[in-house]
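[1] make a model of this:
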Amino acid sequence: LSDIGIESFHVRKSYESVSIKDCSNLKSITYDDGCTRSGHFWGSNIKTIHFPKSLTVIQNSAFRETALEELVLEQPSDVECRIVGSAFMNHNLKKLHIKSGNYVFVDRENEGDNTSFEGSFEACDNLEEVIIDDGVYGKFQATFNRLFKDCTSLKKVRIPSTFDVGYYMFSGCSSITELT
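    Predicted structure coming up:
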C-alpha cells in the first residue's frame, strides 16, 4: 500500500507481511499480541509505535525515514529480537531508550539474502541521546558493527557491559560528550 489516508494502523496477528510506504497521514502503529514481525512502514509520518512483547524480528528498513522522534524498546529478555540492517535509519529520531530485552543485530534476515549491511541507527543525524539500561543484552552477527555510525548530533550514550561494542559503532559521532 502506498500513501493511503489512514492515521493509525493496527497490525493483526494473522498478517504475514505488512508494507506501507510513503504514507504521509500514518502517525501511529499498534500490534496484536502474538505478532512476531514488524512489517515495513518506510517513509511514513509515524510518531508512535507500540511493539508487542512477542516481536522477534524488526525487519530491514522497517521504520526507515519516518517522522519517529523517540523510540523505546522494551522486550522480554527471554525472547530474542533480531534487528535487521537499517531498521531505524531515520533522520528525525532524537532519543533511543532500550529498557529491556535481548537483541541481535544482523546484516540480513536470511542466509541467502544479499542485502548490504547498514547500521540499524546509522546516519540518524538528529539522534542526541542513547540510553540502554542495565540487563539489556545486545550482540552482533554482522560483518561490521556500524550501529550508530555518523550520528553527528549524538551527545549522551549509556551502554551496559552486557551489550557488545564493536568496530565502527560510533564512527563519525563527533559530538559525544558523555559515554558510560
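[2] pLDDT averaged over stretch 159-168 - what is it?
    Stretch 159-168 carries an average pLDDT of 79.
[3] span of it from start to end?
    End-to-end distance of stretch 159-168 (Cα to Cα, to the nearest Å): 15 Å.
[4] so how far is it off the chain centroid?
    Stretch 159-168 sits 16 Å away from the centroid of its parent chain (Cα atoms, centre = their mean, to the nearest Å).
[5] show me the contact partners of it.
    Stretch 159-168 has contacts (Cβ atoms under 8 Å, 6 or more residues apart in numbering) with 119, 130, 132-140, 142, 144-147, 149, 179-180. Just so you know, the C-beta spots here come from the backbone N, C-alpha and C atoms, and that holds for glycine as well.
[6] hmm, 10 Å instead?
    Residues outside stretch 159-168 that contact it (Cβ atoms under 10 Å, 6 or more residues apart in numbering): 77, 98, 102-105, 119, 122, 130-140, 142-150, 157, 169-170, 179-180.
[7] so in this structure, where's the weakest helix or strand by average pLDDT?
    Ranked by mean pLDDT, DSSP states H and E, the helix or strand of the chain with the weakest confidence is strand 137-141, at a mean of 77.
[8] quick check: buried residues in that strand?
    137-140 (16 or more other Cβ atoms under 10 Å).
[9] where does this protein dip in pLDDT?
    Residues of the chain meeting the criterion pLDDT under 70: 1-4, 110-118, 141-144.
[10] show the subsequent helix or strand relative to the least confident helix or strand of the chain.
    Next in sequence after strand 137-141, counting helices and strands by DSSP states H and E, comes strand 156-158.
[11] what strands flank the helix or strand just after that following strand, and is each parallel or antiparallel?
    Reading on from strand 156-158 to the C-terminus, the next helix or strand found by DSSP H and E is strand 178-179. Its sheet considered, strand 178-179 pairs with strand 156-158 (parallel) by DSSP bridges.
[12] now do the buried residues in the partner strand.
    Of the residues in strand 156-158, those buried (16+ other Cβ under 10 Å) are 157-158.
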